[in-house]
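Colleague: quick one: sequence plus predicted model below, questions after.
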Amino acid sequence: MKNIALLAGGYSGEYEVSIKSAKYVAANLKADKYKVYTILVTRERWFYVTESNEEISIDRNDFSLTLNGGKIKFDFAFITVHGTPGEDGKLQGYFDMIGIPYNTCDATTSAITMNKAYTKAIVNGVDGLHTAKSMQLFQHDGHDVASIAARLKFPLFIKPNNGGSSVGMSKVHNVAGLPQALERAFREDHQILVEEFIKGREFSVGIVRLHGELKVLPATEILTTKDFFDYEAKYTDGVTKEVTPADLSPEQYKTINRIVADVYLRLNCHGMTRLDFILQEETGDFYFIEINTTPGQTANSLIPQQVRAAGIDIQEFYDALVVGGMR
């Protein structure tokens, strides 16, 4: 029986989503194979809650837990922390240093993919993949709205560069809306991305390495009544409809599956990741939005939806992630 530390929580606005993800994963890790301990990660401390509601701190020197006078060491860390420190490479670097395997991309890839502008620079040039024209702005620099308007075509998307949850995003139709949108994004991050808006259908595609083989999962189309897929659209019932598998032609599936695999390999990803795209209305070209290296894992989340659509048992899926991560 292997001891699994299931890490949840984190420092971002997605704390509650992470807790729900961890509950779903815990319920679907094989009970005859794994003893699962959910470890809550907060800025103040990392701790385990016993059945009698006692909070026991983790010893971060060796990532161990002392329960009933006995010391529990972990064979594997299953990271379900969205945002920092679980998606940006910090936890990965820690586990690398103490020698505990985990389920996600490594520290370097996690850190790079958390930064939207750097990720776009790396995936630029993948055959058949397009990226919207954009500018990266830093808080300590001056921001001349006229120069932004001169370089990019409206409407524009303004978004925090390192945000994982669509918090702080705005869509702006003219120069007048820029100052407020920039201020809103800078409240979330000291780097922001100003990007030309690509009109079209939005898709999300999971990819995972299972039993040593790359497997692209069936795509999901995101249909929202909102102007764009923001935090409210993502987490409010009835605002968004998700269709899995998405209605795409065999040719489009072939294209998107190859693109997703190319991006995964180019970024040196591990475990499961999810890529978001826009299929541009006028041209039929695929435009890269972002990659998510610790995607949500609730029953309704996109990856579990896609796993079901692929006809894969969710317990077998998580089991393969653990086994693959231990190699």
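Modeller: Alright, I've got the coordinates. Numbering: from 1, shown residues only.

Colleague: may I have the strands that pair with the host helix or strand of Ala5, each with its orientation?
Modeller: With secondary structure defined by DSSP states H and E, Ala5 is part of strand 2-9. Next to strand 2-9 in the sheet, as set by DSSP bridges, lie strand 34-41 (parallel), strand 76-79 (parallel).

Colleague: which residues touch the first one?
Modeller: Which is strand 34-41. Outside strand 34-41, the residues within contact range by CB atoms under 8 Å, 6 or more residues apart in numbering are 1-10, 19, 22-23, 26, 29, 46-49, 58, 65, 72, 74, 78, 81, 85-86, 91, 322. From N, CA and C alone the C-beta is placed, and that goes for glycine too.

Colleague: what comes up buried for stretch 315-322?
Modeller: Taking 16 or more other CB atoms under 10 Å as the basis for neighbour counts, the residues of stretch 315-322 that come out buried are 317-322.

Colleague: any chance of those in a markdown table, with distance to Thr244 too?
Modeller: Listed next are the buried residues of stretch 315-322 as a markdown table, based on distance: CB to CB, whole Å:
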| residue | distance to Thr244 |
| --- | --- |
| Phe317 | 15 |
| Tyr318 | 18 |
| Asp319 | 22 |
| Ala320 | 20 |
| Leu321 | 20 |
| Val322 | 24 |
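
Colleague: re earlier: export the strand holding Ala5 as PDB, just CAs?
Modeller: Coordinates of each C-alpha in strand 2-9 appear next as PDB, following Å, rounded to 0.1, in the frame of the first residue of the first chain:
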ATOM      1  CA  LYS A   2       1.500   3.300  -1.100                       C
ATOM      2  CA  ASN A   3       1.100   6.500   0.900                       C
ATOM      3  CA  ILE A   4      -0.200   9.300  -1.300                       C
ATOM      4  CA  ALA A   5      -0.100  13.000  -0.300                       C
ATOM      5  CA  LEU A   6      -2.900  14.800  -2.100                       C
ATOM      6  CA  LEU A   7      -2.100  18.500  -2.000                       C
ATOM      7  CA  ALA A   8      -5.000  21.000  -2.100                       C
ATOM      8  CA  GLY A   9      -5.600  24.600  -1.300                       C
END
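
Colleague: for it, which positions count as buried?
Modeller: By neighbour count, with 16+ other CB under 10 Å as the criterion, the buried positions of strand 2-9 are 4-9.

Colleague: could the residues you listed be laid out in JSON lines, adding distance to Tyr253?
Modeller: Shown next, in JSON lines, are the buried residues of strand 2-9 (distance: CB to CB, whole Å):
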{"residue": "Ile4", "distance to Tyr253": "34"}
{"residue": "Ala5", "distance to Tyr253": "37"}
{"residue": "Leu6", "distance to Tyr253": "33"}
{"residue": "Leu7", "distance to Tyr253": "34"}
{"residue": "Ala8", "distance to Tyr253": "34"}
{"residue": "Gly9", "distance to Tyr253": "36"}
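
Colleague: so which helix or strand takes in Ile256?
Modeller: Once you assign secondary structure using DSSP H and E, Ile256 falls within helix 250-266.

Colleague: parallel or antiparallel, which strands does the helix or strand following that helix pair with?
Modeller: Under the assignment DSSP H and E, the closest C-terminal helix or strand after helix 250-266 is strand 272-280. Here the strand partners of strand 272-280, with direction, are listed using DSSP bridges: strand 200-210 (antiparallel), strand 286-292 (antiparallel).

Colleague: tally up the residues packed near Lys73, please.
Modeller: One way to gauge burial is a neighbour count; for Lys73, by other CB atoms under 10 Å, it gives 11.

Colleague: now the element after the helix or strand bottoming out on mean pLDDT in the chain, going C-ward?
Modeller: With mean pLDDT, DSSP states H and E as the measure, the helix or strand of the chain carrying the lowest mean pLDDT is helix 231-235 (a mean of 50). On the C-terminal side of helix 231-235, the nearest following helix or strand under DSSP H and E is strand 240-243.

Colleague: partners of that following strand, with directions?
Modeller: Sheet pairing here is set by DSSP bridges, and for strand 240-243 it gives strand 220-224 (antiparallel).

Colleague: export the partner strand as CSV, just CAs?
Modeller: Output in CSV follows, covering the C-alpha atoms of strand 220-224 (Å, rounded to 0.1, in the frame of the first residue of the first chain):
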residue,chain,number,x,y,z
THR,A,220,-14.8,20.1,-25.3
GLU,A,221,-16.5,23.2,-26.8
ILE,A,222,-17.1,26.0,-24.4
LEU,A,223,-20.4,27.9,-25.1
THR,A,224,-21.0,30.9,-22.9
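
Colleague: distance of the residue in the chain sticking out farthest from the centre from Phe76?
Modeller: With CA atoms, centre = their mean as the measure, the chain has its most outlying C-alpha, relative to the mean C-alpha position, at Gly69: 37.4 Å. Note on Gly69: its distance to Phe76, by CB to CB, to the nearest Å, is 24 Å.
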